[in-house]
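>>> how does the following fold in three dimensions:
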Amino acid sequence: MTQDRIQIGVIGRPHGVRGLVHVHSFAAAADSLASYGTLTDDRGGAWTLTWRADGIALLRDADGKPVDSREAAQALVNRKLFVTRDTLPEPEPDEFYHSDLIGMEAVENGAVIGRIVTVHDYGAGASLELDSGSVIPFTLACVPEVDLASRRVTVSRPNEVVGEEEHAPKRDREAARATGGAA
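Prediction:
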C-alpha cells in the first residue's frame, strides 16, 4: 500500500525578522521544491514556496498571504511538507521513495526481524532503521529484495550487525525478557 502524500521537506528555523524560513528539501534537486506548487503540512496547512537564497524561502498560505514575521515563522518550525504522489515521477527500477519503505517488514532467513521505521541518508549511502533498533545498510548485498506488493524486504545483515542485540543496553535486554522478545 503506497501513501497518497510523500514528505518532500521540513520547515526549519526562521531566517531574519521578516518571516523567511530555512527549508530542508528532501528532493533530489533541492530547488525543485518550489516547482511542485501547493505543499501541505502535517497540520493541514497549504503553502507555496519561493526560494530567496540557498535553503531560505518565503512561504505563502493558501490565501497567498506571506509569513511576515519572525514569530509567525517560528510557529512553523519542524512542520513537515508534503506533495501528492501523482506530482512526483515514478521511481526508476531499484529506486524507492522513502515513504514506500517505511512500515515494511524486514525478513531474514524467513523470520521477521522488525519493521522499517526510518530511512537515513547522510550522503554516503542510505540505511534502514528497524523498530528493533538494528540499522541495515540499504545496499544490494544487505537488502537483496524489496517486494512492494507484499510490503517486505529481504535482509542479509552483515556480521558486524548480527548479534548486536546481545550488546544492547541492559534495560533493553530486561524489557525484552519481560515481554518475551529480543532486545
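>>> what's the closest non-adjacent residue to Ala72?
Of all residues not flanking Ala72 in the chain, Gly19 sits nearest, at 5.7 Å (CB to CB, 6 or more residues apart in numbering). Placement of C-beta: from N, CA and C, glycine included.
>>> what residue spans form the domains of the chain?
Per the record, the chain has its domains at 5-86, 98-179, by automatic domain parsing.
>>> and the residue nearest to Ala72, how many residues sit next to it?
Under the neighbour criterion other CB atoms under 10 Å, Gly19 is assigned a count of 20.
>>> what's the helix or strand for Val117?
If you go by DSSP states H and E, Val117 is part of strand 111-121.
>>> flag every buried residue along that strand.
If you call a residue buried by 16 or more other CB atoms under 10 Å, then strand 111-121 has these buried ones: 113-116, 119.
>>> wait, Val146 sits on Ala106?
No. Applying CB atoms under 8 Å, one finds Val146 not in contact with Ala106, separated by 10.4 Å.
>>> so what's the residue count around Leu59?
24.
>>> over to Asp63?
Using other CB under 10 Å, the number of residues around Asp63 comes to 6.
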